[in-house]
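1. Got a sequence here, can you model it:
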Amino acid sequence: MRIAIAGGGPGGLYFAVLMKSLDPAHEVTVWERNAPDDTFGFGVVFSDETLGSIEGADRIVHERMESLFARWTDIDVDVDGHRFTVGGQGFAAMTRRELLQILQERAAELGVTVHYRTEAPDPDELGASYDLVLAADGLNSTIRSRYAEAFGPTLDRRRNKYIWLGTDLVFEAFQFIVKNTTWGTMQIHGYPYSDKGSTFIVEMHEDVWRRAGFDRTELEVFPPGASDQYAVDRIREIFAEDLGGHEVLTNNSRWLSFQTVRNERWHDGNVVLLGDAAHTAHFSIGSGTKLAMEDALALAACLHEHDAVEDALLAYETERKPVVESTQRAAQASLEWFENIGMYADQDPAQFVFNLLTRSRRITFENLKDRDPEFAAHMEAEFARHQGSAAVAPAMFQPVSIGALELKNRVMLSPMDMYVAAEGVPGNFHLVHLGSKALGGAGLVMTEMTCVSPEGRITLGCPGLWTDVQRDAWREVTDFVHTQSTARIGVQLGHSGRKGSTKLMWEGMDEPLTEGNWEVIGPSALPYGPGCHLPREATRADLDKVVADFTAAARRAVEAGFDLIEVHAAHGYLLSSFLSPIANHRTDEYGGTLENRLRFPLEVFEAVRSVVPPSVPVTVRISATDWMPDGNTEDDAVEIARAFIEHGAAAIDVSSGQVSKQERPAFGRSYQTPFADRIRHEVAEPAGVKVIAVGAISSYDDVNSILLAGRADICALGRTHLFDPSWTLHAAAEQDYVGDGAAWPEPWAAGRRKPPAARTDKVPPRLQLLRDGASEQIHLRWKPRPS
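-> Residues are numbered from 1 along each chain as shown. The predicted structure is shown next:
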């Protein structure tokens, strides 16, 4: 093959090396605009996994890198002078300059042609005369811009400011230094790259950056290679104690705003993107160099395995893009955490550190427990201490209260529509469905949306509380839960609004009924989506009836023995649609501003609260975002939560979306938890109100991690409980927990031990001479080599 590479950074050079290693007959030419000894930045970090792949691909490159690595396993976190160390991670770093020299030398040995100080020729010419054109030309890729219509790039400029520096202070481990200054929170990301220096990145929110006066040089145009000396001097002053008299080093160091680069497609014809040209991921979860070199390996492998270039490029994109997108999701979570770091300024230092470590959701409590058991045990003990609990236990099994209601643990069965009621009356299915989850260990069991009127149903199969017959049927369920388990049971009250009068889910979700249908109402005459009912705009008389229906249903809920009532103001049903500007176009006092859109849902909530005794807490479920342009955002969700709290909500159950069929949700593991996190820290926790996280939470590790980090007080799980009704008890068994937080029903007591599986009878021998050696492996520090 004849291969043209635009960009002689680590990604482009490593690809050139790999292709020549695979077949010396390949003709590989690289164009690099900079001189061979030009480099920007200081160090680059690699994971053990990436280093393993480099070793397998080119042992010579790996051996030369290995000889220069700084290695360590610890992460040090300093929060306003409170210092913590977490071990067992595994990092290796080196200078970017030395990495480039290794790759340049290896490329020369293999016969790669490299034109330094030379711009790549026109990409159209390259595409016509070469079999493959690799765009490894970085964040501001000219080739990507040239073929933007084909690649479909998006560049997301973020809110934080950062500056890339170095220091002659040699850190012994990864450093997070967090300072809450008079201007706001600032943080340092640092790590050693040799026995002579460390990378030193200073980051802060743009608002903090301006308040601290760093914007003084905002409009200054620096000559090529020059650094912002004013910023360096200010940083040296602010972080003087942390630097301990050591120097701050510069290399084209200026304030930047991180840009997340994404591309819909990575190749077009024989042109392919690699590294920052294709994607970027925030530096807080790893280096762009690492990702670029992984790209190079994957691309070289696919070209070697396929005869046709188009087939190889398709295979590369199919194989590599999901891996990068997963990394970008983690990086996005990390990036947003640092953008909002000021929100955690008042958090207990130990919890703050755990929150920081688990911010991307790639590191969890169980990960930390495997890597550093001592630190994990400390986190559990601190959580227990802050909850006023004498017993140290997994966080999910610490008791919690919602208002006056005490729960044995922090696991909740999330409301899930079952659609099997007859005339709104719950039957044996509901008894078994809810009873099994109560027996299975959940602390709080919630009914599906229970409708306040016949016309408030979603489907003909929805249960209700508009008659005494329904009340009495529910009483059978609550009596079972109270007499046969230690769980508590709550009811979710709702009105379907414009999403009502539809078929059962398995017959056609959101499709209008053709028989037995009824008129639906909404805040405005706007359908939920194409093919859905056109609702009638609710009149004052309609609203009065809805308030009366909620009030009557709440009274019946108390009479039925429910321990808690949740008002459903999420997922596009009636109250949710009043809150959303997507569904609410009213021009009266119930539409327009958020204050007006809140008016009717708050009227309903107050009416429910007024007829319920103090012993029965009233909570609310909200959609934290509409996932739609011009819809509600997380900023609105904070104000919506604040309003419900001011009107007596005992907990905020934080979900999202389902307000419009055109929504574009960003699904992922625990994807709604960041909304709960923000609401908890900004409005709920200061008011003593609990926050419930829900949405793609499926493992006990996720639950414990969310709770220990302070992102929520309770976790609601839905489909996980459908898969395993005894999920909570099984989670207790997996964690070797025995206690009141997961009490097995007496008839089931014999099953509390996990059944033996293959080779569980194996007793491992002792293979370690000195037990103290384990600590040394967990806490490996980087010590400069002797001269």
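2. Quick check: Val683 touching Arg642?
-> Yes. Val683 is in contact with Arg642 according to C-beta atoms under 8 Å; the separation is 4.5 Å. Backbone N, C-alpha and C define where each C-beta goes, glycine included.
3. of those two, who's got more company?
-> The neighbour comparison of Val683 against Arg642 (other C-beta atoms under 10 Å) goes to Val683, with 22 against 19.
4. Using the three-state scheme, assign the spatially most central residue of the chain.
-> Against the mean C-alpha coordinate of the chain, by C-alpha atoms, centre = their mean, the closest residue is Ala333 at 4.6 Å. The three-state label given to Ala333 by DSSP: H, G, I helix; E, B strand; the rest coil is helix.
5. Which residues are in contact with it?
-> By C-beta atoms under 8 Å, 6 or more residues apart in numbering, the residues touching Ala333 are 359-361, 674.
6. So which of those residues is surrounded by the most neighbours?
-> Top of the contacts of Ala333 by neighbour count (other C-beta under 10 Å): Arg359, with 24 neighbours.
7. CA-only coordinates of the longest strand anywhere in the chain in PDB, if you can.
-> In the chain, taking DSSP state E as the definition, the longest strand is strand 153-167. Extracted in PDB, the C-alpha atoms of strand 153-167 (Å, rounded to 0.1, in the frame of the first residue of the first chain):
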ATOM      1  CA  PRO A 153     -18.200  16.600  13.100                       C
ATOM      2  CA  THR A 154     -19.500  18.300  16.200                       C
ATOM      3  CA  LEU A 155     -17.300  20.400  18.500                       C
ATOM      4  CA  ASP A 156     -18.600  21.000  22.000                       C
ATOM      5  CA  ARG A 157     -16.800  23.900  23.700                       C
ATOM      6  CA  ARG A 158     -17.000  23.500  27.500                       C
ATOM      7  CA  ARG A 159     -17.300  25.900  30.400                       C
ATOM      8  CA  ASN A 160     -14.100  25.300  32.300                       C
ATOM      9  CA  LYS A 161     -10.800  27.000  31.700                       C
ATOM     10  CA  TYR A 162      -7.500  25.100  32.000                       C
ATOM     11  CA  ILE A 163      -3.800  25.700  31.400                       C
ATOM     12  CA  TRP A 164      -1.200  23.000  30.800                       C
ATOM     13  CA  LEU A 165       1.900  23.600  32.800                       C
ATOM     14  CA  GLY A 166       4.800  21.600  34.300                       C
ATOM     15  CA  THR A 167       6.800  21.800  37.500                       C
END
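8. Could you export whichever helix or strand comes after it as PDB, CA atoms only?
-> Sequence-wise, the next helix or strand downstream of strand 153-167 (DSSP states H and E) is strand 174-181. Taking C-alpha atoms only, strand 174-181 is exported to PDB below (Å, rounded to 0.1, in the frame of the first residue of the first chain):
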ATOM      1  CA  PHE A 174      -1.300  11.200  40.700                       C
ATOM      2  CA  GLN A 175      -2.300  14.400  42.400                       C
ATOM      3  CA  PHE A 176      -5.700  16.100  42.700                       C
ATOM      4  CA  ILE A 177      -5.300  19.300  44.700                       C
ATOM      5  CA  VAL A 178      -8.600  21.100  45.300                       C
ATOM      6  CA  LYS A 179      -8.700  24.600  46.700                       C
ATOM      7  CA  ASN A 180     -11.800  26.500  47.800                       C
ATOM      8  CA  THR A 181     -10.600  30.000  47.300                       C
END
